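> attaching a predicted model along with its sequence, questions to come.
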Amino acid sequence: MGKLTPMMKQYMDIKEQYKEYILFFRLGDFYEMFFSDAKLASRELEIALTGRDCGLGERAPMCGVPFHSADSYIGRLVDKGYKVAICEQVEDPSQAKGIVKREVVRIITPGTIIDPTMLNENSNNYIMTYFEDEDGIGIAYADITTGELKTTEFKGKNRKNQALDEIMKINPREIVINENFKYQDNEIEKLQNICNLVFTPHYSRAFKYKNAEDIIKKHFNIFSVDSFGLQDKKYSIIVAGAILDYIYDTQKVPLKHIDKIDIYNHNNFMILDKFTRRNLELTETLRGKEKKGSLLWVVDKTCTSMGARTLKQWIEEPLVNIKGINARLDSVELLYEDILLRDELRELLKNMYDLERLSSKIVYGTVNARDMIALKNSIKVVPVIKDKLKGKVKGELINIFEEIDELRDVFALIDEAIEEDPPLALKEGGIIKSKFNQELSELRSAITDGKKWLMDIESRERKSTGIKTLKVGFNKIFGYYIEVTKSNIKNVPDTYIRKQTLANSERYIMPELKEIEDKILGAEEKIVKLEYNLFNEVRNKVLGEINRIITTAKAIARLDVLLGFAEVSFIYRFNKPGINDSKKIELKNARHPVVERVAGDEMFVPNDTLLDDNENRFYIITGPNMAGKSTYLRQVALNVLLAQIGCFVPADEAVIGVVDRIFTRVGASDDLFQGQSTFMVEMSELSNILNNATQNSLIILDEIGRGTSTYDGLSIAWAVVEYISNSDILGAKTLFATHYHELTELEGKLKGVKNYCISVKEVGDDIVFLRKIIRGGADQSYGIQVAKLAGLPNEVIDRARIILDKLEKSDIAQENEDILKEISMTVEETSKDTSGEQINFFNLNSNEIIEELKKVNIINMTPIDAMNKLYNLVEKVRKI
Ligand code: ADP
């Protein structure tokens with residue numbers, strides 16, 4: 001058994017500190033991985049596994065990736081949820097005594113990616129910290145490419161659910177938790193399934209109050225955390241401190257662009273649970289998980305990626321504060337009416353690059369000269385934007401105008417310093433303008449002069465030797481030389497010194513040539529170094545102004561969203577809603593913003609809605625499949641949501657009393673991957689609604705109780721209507737689409753319940769959908785007609801008609817009607833006294849048994865038949 005080679009010992013020492021990470025160990029032009037890291041990486045990246053002598057008996061498994069293309073490999077690993085530590089050579093190998101010093105310079109985890117090629121430019125990539133104890137929960141999250149850092153805390157009985165909803169809304173890529181935290185596995189698993197995230201345990205010291213407070217004070221250079229309004233916010237302090245600690249630990253650079261902590265109250269936003277966000281297809285479709293077909297797809301008319309990211313946040317966080325909503329709506333109105341201003345501003349924004357992410361490159365020191373030019377060109381339009389807004393601002397635009405900094409100094413600095421069309425590399429020169437620096441300018445003239453002298457020498461020598469084809473050339477080995485073709489050698493003077501012989505020519509040098517060469521080459525070398533230093537100087541100066549740039553970027557992002565709202569409202573005929581606290585939702589000729597766009601040949605039929613907290617609290621909506629029930633329900637929810645994010649709405653008129661939450665229970669969304677049956681999912685969505693809704697909520701129910709037997713389902717649906725519509729219990733505004741026509745019995749018996757149906761016209765044996773919502777219950781389901789439209793074979797359709805006819809004539813129908821009457825009679829009592837007796841659905845069973853007894857024909861039965869019948873009946877009676 002041998003001894004580890006010194007380099008492998010160095011590797012082992014470093015790996016020991018970064019056990020949880022795949023260690024990319026820099027060796028020359030490669031990053032190498034060893035041992036288990038190598039095995040894993042070669043499998044995941046499909047690269048060859050080799051071996052390297054490490055001093056021990058056996059070779060160490062090894063695989064490597066070239067340093068210049070490492071980003072894409074790192075990206076793939078991180079995307080799969082792995083964490084990578086980058087270990088670089090931190091001294092010049094030519095200067096090193098013994099083994100080159102190496103250190104981990106950066107850690108890349110799913111939540112801390114900064115490479116733009118690995119990120120989606122239109123959404124944020126969040127890292128989150130989570131902390132809980134017996135009294136509360138705190139979460140903090142940050143996008144380290146934009147410098148955003150937010151925190152909130154949860155207290156009270158329902159805190160766990162609220163926190164989970166919030167986490168799902170934020171959808172972080174990575175959650176950092178205290179390594180000692182005992183969480184429940186199933187919660188984590190659930191979150192992982194839904195959000196595709198990784199959990200990272202971090203040392204518990206980071207989650208200690210004192211440590212967290214200290215790091216916040218140090219990072220923001222403040223005397224007390226009170227400056228951020230963090231007094232009494234123990235949980236926020238812990239998680240905000242811990243997130244800074246973790247980011248420092250992984251990034252290893254001071255994160256200047258994280259310039260404030262945004263402490264928000266999650267109650268300031270409309271709460272949208274995960275079911276609702278998915279069901280309403282806010283940012284992606286339910287099935288395809290695509291943007292196309294979602295609300296975001298329709299309303300995204302932003303011109304910058306900063307705007308696109310902000311829009312996504314706004315859609316997921318509608319406001320509940322009337323003033324805040326109106327501030328946005330007033331701005332949209334101004335931009336809607338002033339078409340010229342809107343067009344001009346949008347054109348200007350199209351010239352802007354991603355200022356936020358460019359800023360982060362400056363912070364991380366990964367910025368190149370081309371990025372600087374992109375930054376300059378983006379900043380160039382800022383004063384023009386500000387100027388256009390001057391004297392015209394209203395609502396939110398007032399704040400935006402204030403926050404936009406013209407940044408003329410930053411523009412001037414980059415403009416003076418950086419070449420217009422610089423190369424990507426920073427260490428090969430050509431990036432700094434001559435006039436920016438005296439020394440640079442002198443060195444450059446030395447080169448130009450030198451080159452001129454060379455040309456002079458060339459023409460002088462041609463004349464004196466009479467060799468017309470003589471020329472001065474350059475190569476890396478011999479430097480500058482004079483080249484003469486073989487046929488002219490005889491005319492070469494003695495002063496030339498021969499250096500190289502080629503097939504057809506000879507190359508010579510002479511002292512004068514060498515002198516100039518030294519000047520030129522010396523100058524070139526100096527220039528490259530000087531330019532690099534000057535570039536870093538400029539970068540550092542810009543870094544000093546980074547917070548102004550980021551504040552401006554954020555203001556411009558909001559402007560972009562508001563402009564987009566005005567644009568979408570203009571082109572799709574949206575109108576400004578009135579917002580108040582009336583508890584009413586009144587829509588005239590409202591449309592579904594997405595279905596309207598994809599309706600194709602069929603014109604979208606607009607519909608009205610009037611919901612209030614009194615007579616019109618609860619719509620029971622019936623009508624055949626495909627009539628447009630779901631569309632109608634969602635259109636109401638989306639109109640409310642659009643209004644509360646500050647956008648105009650697809651309706652001729654709208655007055656919206658702010659709602660605190662929208663709940664939806666739509667269709668049979670399959671959560672089978674979570675191991676729950678469809679019915680179970682349906683019931684847990686329903687229980688979430690009944691447990692969390694308030695009088696100010698809007699509830700959308702698209703079918704409940706369908707996943708079980710008819711009687712079970714109807715009973716549940718019925719009881720739910722009673723529960724929600726009763727203002728003593730809930731009294732939330734509700735739209736309920738259902739197949740249970742029986743529920744229409746409830747109008748007139750429960751206060752606030754109204755029947756509606758989506759009208760259809762019968763034409764012979766077929767039906768035509770009119771898409772108009774009208775008062776009253778549907779009298780038929782038209783299931784067979786719809787099945788016919790869907791193309792079921794005629795034999796099946798005809799046979800179904802015969803069976804339906806028989807069923808309708810049998811006494812089952814009559815019997816059901818009798819029972820319903822009986823139940824309806826108990827409704828009035830239930831709604832008066834909720835603690836009273838529940839309706840006894842099991843009457844159904846006793847009736848069934850009586851009916852069965854009536855049908856028994858004893859004369860025709862064998863004794864065995866009679867025994868069997870009796871046995872069955874007794875069994876049924878026992879179950880009652
Ligand atoms: P239901 O829920 O009653 O089964 P949907 O709401 O799913 O019906 O509507 C079925 C289809 O009818 C939709 O995909 C849409 O294409 C069309 N549709 C619905 N409402 C309208 C409307 N108001 N105007 C035009 N087409 C509509």
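Structure received.
> please tell me the pLDDT value assigned to Ile823.
At Ile823, the predicted lDDT confidence score is 70.
> that should have said Asp612, apologies.
At Asp612, the predicted lDDT confidence score is 94.
> Asn843 now?
47.
> could you measure the closest residue to Arg591 other than its chain neighbours against His592, distance?
Nearest residue to Arg591 in three dimensions, chain neighbours excluded: Pro650, at 4.3 Å (Cβ to Cβ, 6 or more residues apart in numbering). C-beta coordinates here come from the backbone N, C-alpha and C atoms, glycine included. Noted for Pro650: a distance of 7 Å to His592, by Cβ to Cβ, to the nearest Å.
> where does the closest residue to the ligand within the stretch 1-150 of the chain sit: helix, strand or coil?
At 27.0 Å from the ligand, Asn122 is the closest residue in the stretch 1-150 of the chain, using Cβ to the nearest ligand atom. Classification of Asn122 using DSSP: H, G, I helix; E, B strand; the rest coil returns coil.
> what about the nearest residue to it once chain neighbours are set aside, how many residues nearby?
Of all residues not flanking Asn122 in the chain, Ala308 sits nearest, at 4.0 Å (Cβ to Cβ, 6+ apart). Ala308 is flanked by 22 other residues according to other Cβ atoms under 10 Å.
> can you tell me the distance between the two ends of stretch 379-395?
End-to-end distance for stretch 379-395, by Cα to Cα, to the nearest Å: 24 Å.
> give me the contact list for that stretch.
Stretch 379-395 is contacted from outside by 326-331, 333-334, 338, 341, 344-345, 348-349, 351-352, 355, 397, 400-401, 404-408, 410-411, 414, 549, 552, 556, 559, using Cβ atoms under 8 Å, 6 or more residues apart in numbering.
> same thing with stretch 686-699?
Contacts for stretch 686-699 (Cβ under 8 Å, 6+ apart): 158, 161, 273, 275, 583, 585, 611, 613, 636-637, 640, 657-665, 701, 704, 716, 720, 723-724, 727, 730-736.
> what does stretch 631-641 give?
By Cβ under 8 Å, 6+ apart, stretch 631-641 touches 270, 279-280, 282, 295, 315, 318, 577, 585, 587, 590-595, 607, 609, 611, 621, 649-651, 654, 656, 659, 662, 664, 666, 698, 700-702, 735, 737, 758, 773.
> can you narrow those residues to ones near the ligand?
Val595 (Cβ under 6 Å from any ligand atom).
> now Arg573. Nearest residue, chain neighbours left out?
Arg573 sits nearest to Pro650 (Cβ to Cβ, 6+ apart), 7.4 Å away.
> just how off-centre is stretch 697-704 within its chain?
Relative to the centre of its chain, stretch 697-704 is centred 26 Å away, using Cα atoms, centre = their mean, to the nearest Å.
> before we move on, what about stretch 275-294?
Centroid separation between stretch 275-294 and its chain, computed with Cα atoms, centre = their mean, is 12 Å.
> how about the contacts made by the residue nearest to Asn122?
Contacts of Ala308 (Cβ under 8 Å, 6+ apart): 121-123, 300, 302.
> so which of those residues is the closest to Gly429?
Nearest to Gly429 among the contacts of Ala308 is Glu121, at 30.8 Å by Cβ to Cβ.
> the closest one reaches Tyr353, doesn't it?
No: when contacts are counted by Cβ atoms under 8 Å, Glu121 is not listed as touching Tyr353 (10.2 Å).
> for burial, what's the neighbour tally of Ala599?
When neighbours are counted by other Cβ under 10 Å, Ala599 comes out with 15.
> meant to ask about Lys427, not that
Counted with other Cβ under 10 Å, Lys427 comes out at 10.
> quick check, it in a strand?
No: counting by three-state DSSP, Lys427 is not found in a strand; it is coil.
> leaving out sequence neighbours, find the closest residue to it.
Here the residue nearest Lys427, using Cβ to Cβ, 6+ apart, is Tyr532, at 5.6 Å.
> what is the neighbour count of the residue of the stretch 1-150 of the chain closest to the ligand?
Asn122: 19 surrounding residues under other Cβ under 10 Å.
> now do the SS call for the residue sitting furthest away from the middle of the chain.
Taking Cα atoms, centre = their mean, the residue of the chain most remote from its mean C-alpha position is Lys490, at 76.6 Å. Under three-state DSSP, Lys490 falls in the helix class.
> so what's it up against?
By Cβ under 8 Å, 6+ apart, the contact set of Lys490 is empty.
> of all of the stretch 251-400 of the chain, which residue lies closest to the ligand?
For the stretch 251-400 of the chain, Cβ to the nearest ligand atom, closest residue to the ligand: Gly293, 11.2 Å.
> how about the nearest residue to that residue, chain neighbours excluded?
Gly293 sits nearest to Thr285 (Cβ to Cβ, 6+ apart), 4.3 Å away.
> go on, Pro423?
Nearest to Pro423 is Gly430, by Cβ to Cβ, 6+ apart, at 5.4 Å.
> quick check: next helix or strand after the one helix or strand Met8 maps to?
Using DSSP states H and E, Met8 sits within helix 6-17. Using DSSP H and E, the helix or strand that directly follows helix 6-17 along the chain is strand 22-27.
> could you check the angle that following strand makes with helix 6-17?
Strand 22-27 runs at 150 degrees relative to helix 6-17, counting by axes from the mean of the first three to the mean of the last three Cα atoms, to 10 degrees.
> can you tell me the element whatever residue of the stretch 651-800 of the chain ends up closest to the ligand falls in?
Per Cβ to the nearest ligand atom, Arg771 is where the stretch 651-800 of the chain lies closest to the ligand, at 3.8 Å. Arg771 is located in strand 766-775, with elements delineated by DSSP H and E.
> that strand pairs with which strands, parallel or anti?
strand 753-763 (antiparallel) (DSSP bridges).
> which residues are contacting the strand it pairs with?
With Cβ under 8 Å, 6+ apart as the test, strand 753-763 has contacts from 615-624, 627-629, 632, 721, 725, 744, 746-747, 767-778, 782.
> try 7 Å this time
616, 618-624, 627-629, 632, 721, 725, 744, 746-747, 767-778, 782 (Cβ atoms under 7 Å, 6 or more residues apart in numbering).
> what residues does this protein put near the ligand?
Residues of the chain lying near the ligand (Cβ under 6 Å from any ligand atom): 595, 599, 602, 604-605, 623, 625-631, 771.
> now with 5 Å, please.
Neighbours of the ligand within the chain, by Cβ under 5 Å from any ligand atom: 604-605, 625-631, 771.
> so where's the stretch 701-850 of the chain uncertain?
Applying pLDDT under 70 to the stretch 701-850 of the chain flags the ranges 810-817, 819-820, 824-847.
> mind doing that once more with 90?
Applying pLDDT under 90 to the stretch 701-850 of the chain flags residues 703-716, 726-731, 739-742, 759-770, 777-850.
> coming back round to it: strands - which of the contacts of stretch 686-699 land there?
Applying DSSP state E to these, the entries found in strands are 585, 611, 657, 662-665, 701, 733-736.
> closest to Glu537 among those?
Checking the ones in strands among the contacts of stretch 686-699 against Glu537 with Cβ to Cβ, the nearest one is Ile662 at 53.0 Å.
> count the residues that sit near that closest one.
There are 25 residues near Ile662, going by other Cβ under 10 Å.
> how about the residue nearest to Lys427, secondary structure?
The assignment at Tyr532 comes out as helix when based on three-state DSSP.
> please apply the same query to the one 5 residues further on.
Three states are possible here, and by three-state DSSP the one that applies to Glu537 is helix.
> that older thread, how about the helix holding Met8: buried residues?
Using 16 or more other Cβ atoms under 10 Å as the burial criterion, the residues of helix 6-17 that qualify are 7-8, 10-11, 14-15.
> list the helices and strands that helix packs on?
strand 22-27, strand 102-108 (3 or more Cβ pairs under 7 Å, 6 or more residues apart in numbering; DSSP states H and E).
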